[in-house]
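Visitor: here's a sequence, model it:
(chains A, B, C, D and E)
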Amino acid sequence: MHFDPFVIPFNIGLYFILIYTVVRCITWFRDLSRPDKLRLQRGFFGRAFGQSLKEIFMESLLHRRILKTNLRLGYMHMSLAFGWFLLILFGTIEADIFSQSHLNAPYKAIFFKFFNPTHGQTEFERAYSFMMDFILAFILSGLLLAVLKRFSSRVVGMKKTTRLKLTDKIALTSLWMIFPSRLLAESFTSGVYGTGSFLTGTLGSWLNTFLPSDHLAYVFWWLYSISLGTFFILLPLTRYMHIPIELFLIFMRNSGIKTGDKTGTFSEVQTYSCSSCGICIDKCQLSSSAGINSVQSSYLMKAIRNDDDVFNIAHNCLMCGRCDQSCPVGIELMPIRMIQRREGEGNGDMRTIWRGYFRERQNPALVRVPEEPSFGYLPEKKFRQADVLYFAGCMTHLTPLIKNAMVKIFTAAKENFYFVDEDGGVCCGRPLMLAGQDREARELINYNSEIIWKSGAHTLVTSCPICYKIFKESYHIGAEVLHHTQYIKRLIDDGSLRLNYSHRKVVYHNPCELGRGSGVYNEPLDVLSFVAELQNTQFDGPNSLCCGGSLGNIKIDTVSRNKIAADVTAELTACNPDVLATACPLCKRTLANATDCQVADIAEIVAGEISLIQRKKSRISVLNIRELAEIS
Amino acid sequence: MGKHVVVIGAGVAGMEAAGRLSRNGLEVTLLEKESVAGGHINDWFRLFPDRRDSNEVREYLINLSSDPKIQLKTGASVDKLTRHGSSYLLTTDAGENINADAVVVATGFSLFRSSRKEEYGYGIYENVISSADLEKLFISGEIVISSGKAPQRIGIVHCVGSRDEKVGNLYCSKLCCVTAVKQAIEIKEHLPDSEVFCFYMDMRMGGALYEELYREAQEKWGVNFIRGKVSEASETIDGKIVVKVEDTLAGRPLKMDIDMLVLMAGMEMSEGGSKLAATSGLKTGENRFFASADHHFGSNISNLEGVFFAGTCIAPMNVTETISHARAAVTEVMEYFSNNNR
Amino acid sequence: MKNEGKKAVWSEYQKEIADDKFFYVRSCIRQNFFPGSEVAFLRILKEVLGKDVYEHPCHTTCSGIGYHGDIVPFETAMTVVARQFALMTEAGYENYVPSCITSFGLYTEILDTWHHFPEVEKKIRKNLKEATGREFEAPKNLAHASDVIFKFRKEIAAKAKYKLINKNTGEPLRVVDHIGCHYAKMFPSKGVGGAEYPYVLAGMIEEWGGQVIDYPERRHCCGFGFRQYLVQANRGFSVACSKEKFESMQPFKPDMIITNCPGCPMFLDRWQYVINEIEGKQYGQNGEGIPVFTYEEVAGLVLGFDPWDLGLQMHQTDCEPVLDKIGIEYSPEDKYKLNSLNHSQPKHLVVNV
Amino acid sequence: MDNLFDKLMEDIRFEEGLNACMNCGVCTAICPAAEFYSYDPRKIVDIVQSRNNELIEDLLKSEQIWYCGECMSCKTRCPRGNAPGLIIMALRGLSQDLGYFTESEKGRQQLAIKRTIGESILNTGYCVYIDGISPEFHPEQGPTWEWVHENRVDLIERLGGNYKGDGPGILRKIPQETLDELKKIFEVTGGLERYEKIESYSKKKAAEMNLDFDEGIDNEYFSHIYKTNNGSHTR
Amino acid sequence: MDKFGFTISKGRQINYDQNDRRIYNYIIENEPSFRNCIACGGCSGSCSAGNFTRFSLRELNILINRGENDLPRTNLKKCMLCGKCTLICPRGVNTRNVVFLAKQAFKRFDSYAF
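Guide: Numbers count the residues shown, from 1 in each chain, chains lettered A, B, ... in the order given. Now for the predicted structure:
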């Protein structure tokens, strides 16, 4: 017996998905930029290839990262992925070893039992059957978790689970059907022939006692094939596309390809690599505090794939970066979101899985008038020579205590500084950039750059992490950019600023744009522990929370913002600190509205502790009072 | 104690005062010029800011003032009030003489006669009505214009007869803004597809829950607020009302066709109050309401010993304030009697 | 529309108007554009009603247009007016009747100013004495000429030969009344019926058989605006104002417009021509325009005066449609007849012939 | 610099016209000028009541104050008893006294009004006289007016007028003694001074604008101010 | 027109009935808090752009509400989206999103690109 009609659905599905993947890969490769093509070629013959294989094994099959964050969820993913992989691998070997010929058609391996129903009689065959049953049981255990997760996400330790569309449901059902139908098909066949191991054999012989196994076996072989075929055909329309695509992602990433700022092959590959595992939803404060469960990265990826309303989803995000950091697939979620924001409504060039080949543009081209500047009204640039520039930022003007504190610190440190936006300056441009309006942002960047550049300053200090990030990343000003916490740290280190030690207990809230956004974690803590008793929380470092006031989100309403802020302050003030410290005017305002605890910027705390005796500017480190106290 | 108090006016203030006085063991005569007690609350459908049925408040007042110690005389207005030694003699229009040891004046207010703002055409154009007329429509349960159809667009004019030198009322009537908002919401409840526009000079929502009601009108009901005093209203050939107003926040004149224009009539000294002031020697202020002895701590006290004020006869007040003020008047009466007994 | 409501308003604005012995003061604009109206006023008062009306040969403009064109200071205008009062005082009259609404408004404003600021009146007396040696008494009664016709509207109706009724349908004519802004807008109590629902013309229309039409832009200015018309560059504003009125009254299908101000009838008449020239839009029924009259012209017509004696041939918008509706007899060939041998016709008519 | 608010207060009409304004906009709502010009009487009253010298000076030099047609509808309606129209008149008076009127296109037109109406008053005793209302300057008066103007002697006689005649009557000649009295009144009360100021400031402006300036109405400057409309007055 | 030396002025009254209110409706639909504006001017007072030019979000909000779209259309781009107004607003109007949506709406309904 070499063929039976029931294998047709499986064959159609399999060849379809294989051809599809190949075609897709060719188009993707064609769309890559020249440097990226070179990177890929270099990667293929270099270390990246080996690295990728290792990573594919660790991540795509074993799901190491999910296992690390969430053991049950990781097991679920691992059993399905790794188990299936083993099933195919050993199935193929089995078919190769035990059937009449070598190099069989793929269906021979998949439906091995049907074509070799008597298999499993010798000792070696029995052992092999035992292994195959064991693998199947391994998969079925993961499947059980997956089914339960559908009904209660708590089973796998998740707060929320992703919501599904119709095609998703059909694909999911077909996926779920695959392994039970295989189990039953093999069991019935084994029952009839008295073969099979602990799972299929036992189940089969028991079922055979009261059911017409022979007839039923054939039905389930059909079901098994149909399930597989359906699943393969629906694959490109569903999240399960991530299974093959993730392999490419890993390889591309290891070859050094980055997301960039426009839709391209890599961003598409990343989008299709999302398995909708939902870890990003769990990390998202919009979900946990504000009950918004439709905008998280996995929904964004899905919306992009399905060509749904991406625009509103893309803008309803705090851009805090918590999801980005936790994505087990390592998708660059924030850059992809920024691409969507930049491309705007109806302007996206993202291809849907089918339609993309026709490159349809639904919206007619707009009459653009980019030559006309948006901010032509800005006055002549005023600048002044100084060593250090202080750029408070728009938000800092709403928290005058911070800017006054900074002026006090500059003065105490006898710094030759110029307060650039003392009379209300021009926005740094990051809010526009976050809204996807890069051209407009560029105008402001150019305007501010000239002021900074002409002042001849060697250092630019800013109080606002939002400004800090854009100054660091998008300005070319020839001056070192420091957030005020970094700057204060330096003043302390070089002895320019002498501070008293207050015995107040302080908890530090790390602003997203400063911590995760710019990697500044240590300086604020150093400064704080220098002047106060710093208390640790579970939200220190990269795990910090977003205050909710983020300018990254343009859609969220005040009520939701307040809910987030309330939850954050509740967490951070659980240990009853005297002061909730932060290093961002926006965080300060947002948190201060949500708690009775005093909220202060580090600059304010420092300014309040400036010692009356200030040394002249010198490089010699000076002991502070705490150190003196410790010595004596 | 056996003392006898006459309360003039059986509106909210009068009924509250009478009820409280009788609870303190006093004999009370409650005079009302209309045929029934209740005053303006009888004409109102629901009350701001909680939109409670006005009948509930009326029932409370009727219960409170249904006491054998209280003699209610309806259809009786006071013609003369004269002092005789330590008591007063009141003569009613029916010629009846009543002796009183103390008098509580609770003559209330009159709604501004909207036809006096000629430019709005009240009494001339069919579809220009007053806030009180609208309450009648609410009571009837059907909001219709002269053609018998439901209005599509309704305009509400604030400050009709208030803050207006032209009609001699410099003061703010205080309640019209919140009444306008309340009525706007009620219109939207009846006619969800209609558009409601409030034309205001300043939104004076200075009572408990007033601002919240204003916000609800904006947020939930989509009532439009246009800052500007309506300059004039006129009628088109198909019975629509054209209003001219400056949208002062946009800095541009605005003209709009409206199906029904509601005038938020302000509050004025009542006719009965004016008559009483003229015959009794009770002092009135520049705003024509009774002038109390002191704005801060003597608002119930008149220039005549033993005569006390309760409620809106001294200034515009809402129901809550009126009731409080009436209770305060009772306290003053009791203190007056206990001082005189000493 | 409820008429009782209007009547209630009218009843609140009653105005005292003298009965006889009028000191008549002419209007600059009316003498130029509606000479027949002033002639008719005097004819009606003297010949029909038998009143004593005196006109001083030395009275001048009140300078009102200059005043509202802001080139004549208030003090100067007040002194010019004081001189007019002095002429009246010298002639032994007390009831001052200006033909012009701008004058009427200016007199009212001046008398009110003197009432509130007696020191101003004192200063003006000094000025007048210094400039002319004259002294004056303020008028005992100040009434606009239309007030006087309003007062005698019933007497005129009693002697009327025609009524404002469409002789073919028997329906009253639909009449738009346009009141000069300065009649009562500044001082509502000085106008018959007040500022919002002036009764001065409405009373005549009702008494003489017509029906008053109340349309939304009834109170809108004709657009003269003094400097707005006087300077060519600003006339677009003037015509726009009148256009707004025409657009607003058009749905009411008015048969005629009647006015009591010198400028308004001229503008409402001429702008119809201009709008037609610029936009090709002709108001009125059958595209023949809406005839515009002064109240004296209407009174004269009702009393049976010859239309061409009243000066209706000076109107740009033809009056004949209304004359025909009422059934007034007139001779078409006499329209452009003059006393001399000259029998020319306006150019546009010549072209048509 | 002089306090402009105090100077305005010297004008009796200003004192009458300005109580406290609460910016209700009722004046603008009814104002014909606000309907067609970029004009808001409410804002003007608000500026003068601010007593800010700088703002008032800007106002006196602006186009703003020249849009009003002085219909006084605003006075009828103001709930605070203000008369924005009277305030405008006071502002216009001061603008002319200080020579600010030539700073705006509409303000410069004062010369045209002075040359036509103003001179007619002193020369004829009438604000306007038929001889001066030429069809050439008044095309909007239409063809009938051309006929009237051409046949004015006969027509006025036919209608019972007294064209340039002695004694009372329509368009009679005002006696010279009367005109002398008028002139004397203008002299005593500051009317002539106003005329002279309009002339001298206009002459200065004409030189500044490089336009020929002469007496009468047949010169470049007059023609310019009479006809120019830069189109920026409406929106 | 040359004949008379002037043209008939056009009215500048807000014509509520004929104005295009799609922009307003679009914003309301996507950002209902826009309805809560009481035109207090807090947004304009704190505005970074308003510091340099005559730009008033309060005015733009009102004009868009009335369907007077010409000024907002050309003026919206002056906004730097810095977000101060949103923090200031006493009625919790998401002013930043209002600007954002308004731009979106002009793009959608008027094919106007910023």
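
Visitor: can you name the residue of the stretch 51-200 of chain C nearest chain B?
Guide: Nearest to chain B, among the residues of the stretch 51-200 of chain C, is C:Glu196, at 3.9 Å (Cβ to the nearest Cβ). To be clear about C-beta, it is placed using only N, CA and C from the backbone, and glycine gets the same treatment.

Visitor: what about the strands in the chain?
Guide: You didn't pick a chain, so chain A it is. Secondary structure of chain A (DSSP state E): strands located at A:388-391, A:417-419, A:459-462, A:480-483, A:505-508, A:533-535, A:579-582, A:598-601.

Visitor: nope, chain C
Guide: For chain C, applying DSSP E gives strands covering C:22-25, C:53-55, C:95-98, C:141-142, C:174-178, C:211-213, C:256-259, C:292-294.

Visitor: ok, the helix or strand where B:His158 lies: who's next to it in the sheet?
Guide: Per DSSP states H and E, B:His158 falls inside strand B:153-160. Next to strand B:153-160 in the sheet, as set by DSSP bridges, lie strand B:195-200 (parallel), strand B:260-265 (parallel).

Visitor: ok, and what's touching the last one?
Guide: With contacts defined as Cβ atoms under 8 Å, 6 or more residues apart in numbering or on different chains, strand B:260-265 is touched by B:111-114, B:117, B:120, B:122, B:125, B:127-134, B:143, B:145, B:151, B:153-161, B:176-177, B:179-180, B:183, B:233, B:241, B:243.

Visitor: please apply the same query to stretch A:180-196.
Guide: With Cβ under 8 Å, 6+ apart as the test, stretch A:180-196 has contacts from A:113-114, A:117-121, A:129, A:133, A:136, A:140, A:143, A:199-208, A:211, A:213-214, A:216-217, A:220-221, A:223-224, A:227.

Visitor: could you list the domains of the chain?
Guide: Picking chain A for this. Domain segmentation of chain A under automatic domain parsing yields A:5-241, A:258-343, A:360-493, A:505-608.

Visitor: meant chain C, my bad for not saying
Guide: For chain C, the structural domains run C:13-145, C:160-340, going by automatic domain parsing.

Visitor: name the SS class of B:Thr29, please.
Guide: Using DSSP: H, G, I helix; E, B strand; the rest coil, the structure places B:Thr29 in strand.

Visitor: how far away is it from chain A?
Guide: 56 Å (Cβ to the nearest Cβ, to the nearest Å).

Visitor: and that residue, what are its bridge partners?
Guide: Applying DSSP bridges, one finds that B:Thr29 bridges with B:Val6, B:Gln71.

Visitor: residue contacts, it?
Guide: Neighbour list for B:Thr29: B:4-7, B:70-71, B:73, B:98, B:100 [criterion: Cβ under 8 Å, 6+ apart].

Visitor: show me which positions of stretch C:203-212 end up buried.
Guide: Neighbour counts over stretch C:203-212 (16 or more other Cβ atoms under 10 Å in any protein chain shown) mark C:203-210, C:212 as buried.

Visitor: of those, which pair is most distant in space?
Guide: C:Gly203 and C:Gly209 (12.6 Å; Cβ to Cβ).

Visitor: how about the residue of the stretch 51-200 of chain C closest to chain B, what does it touch?
Guide: Per Cβ under 8 Å, 6+ apart, neighbours of C:Glu196: B:118-119, B:232, C:9, C:188, C:219, D:76.

Visitor: make TSV out of the buried residues of stretch C:203-212 and add distance to A:Ala171 and pLDDT.
Guide: Converted to TSV, the buried residues of stretch C:203-212 look like this (distance: Cβ to Cβ, whole Å; pLDDT from 0 to 100):
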residue	distance to A:Ala171	pLDDT
C:Gly203	87	96
C:Met204	88	97
C:Ile205	84	97
C:Glu206	85	96
C:Glu207	90	97
C:Trp208	90	97
C:Gly209	88	97
C:Gly210	84	97
C:Val212	79	95
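
Visitor: of these, closest to chain E?
Guide: Checking those against chain E by Cβ to the nearest Cβ gives C:Val212 as the nearest, at 26.2 Å.

Visitor: now for the residue nearest to that closest one when sequence neighbours are not counted: which residues touch it?
Guide: Leaving aside its sequence neighbours, C:Val212 sits nearest to C:Ala202 (Cβ to Cβ, 6 or more residues apart in numbering or on different chains; 4.6 Å). By Cβ under 8 Å, 6+ apart, the contact list for C:Ala202 reads C:177, C:193, C:212.

Visitor: of the residues you listed, closest to chain D?
Guide: Looking across the contacts of C:Ala202 and measuring by Cβ to the nearest Cβ, the closest to chain D is C:Gly193, at 13.4 Å.

Visitor: check the burial of the closest residue to that closest one other than its chain neighbours by counting its neighbours.
Guide: Once flanking residues are discounted, C:Gly193 sits nearest to C:Tyr199: 2.8 Å by Cβ to Cβ, 6+ apart. By other Cβ atoms under 10 Å in any protein chain shown, 25 other residues sit near C:Tyr199.

Visitor: quick one, what contacts C:Tyr199?
Guide: C:10, C:13, C:150, C:192-193 are the contacts of C:Tyr199 under Cβ under 8 Å, 6+ apart.

Visitor: got CSV for the residues you listed, with distance to A:Leu32 too?
Guide: Output for those, formatted as CSV (distance: Cβ to Cβ, whole Å):
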residue, distance to A:Leu32
C:Trp10, 88
C:Tyr13, 88
C:Phe150, 93
C:Val192, 90
C:Gly193, 86
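
Visitor: quick one: low-confidence parts of chain E?
Guide: For chain E, residues meeting the criterion pLDDT under 70 lie at E:1.

Visitor: got the residues of it near chain D?
Guide: By the rule Cβ under 8 Å from any Cβ of the partner chain, the part of chain E lying against chain D is E:3-6, E:9-13.

Visitor: quick one: name the residues of chain E near chain A.
Guide: Counting by Cβ under 8 Å from any Cβ, chain E comes close to chain A at E:30, E:33, E:46, E:48-49, E:51-53, E:55, E:77-78, E:80-84, E:87-88, E:92, E:94, E:96-97, E:100, E:104, E:107-108, E:111-114.

Visitor: tell me the buried residues within those.
Guide: Buried, going by 16+ other Cβ under 10 Å: E:30, E:33, E:46, E:48-49, E:51-52, E:55, E:77-78, E:80-84, E:87-88, E:92, E:94, E:96-97, E:100, E:104, E:107-108, E:112, E:114, out of the residues of chain E next to chain A.

Visitor: by mean pLDDT, flag the weakest helix or strand of chain D.
Guide: When the helices and strands of chain D are compared on mean pLDDT, DSSP states H and E, helix D:12-17 comes out lowest with a mean of 90.

Visitor: what helices or strands is the next helix or strand after that one leaning on?
Guide: Proceeding N to C from helix D:12-17, the next assigned helix or strand is helix D:26-30, under DSSP H and E. Helix D:26-30 sits against strand B:230-235, strand B:241-247, strand B:252-258, helix D:41-50, helix D:73-77, with contacts defined as 3 or more Cβ pairs under 8 Å, 6 or more residues apart in numbering or on different chains; DSSP states H and E.

Visitor: what mean pLDDT does helix D:26-30 have?
Guide: Average pLDDT, helix D:26-30: 96.
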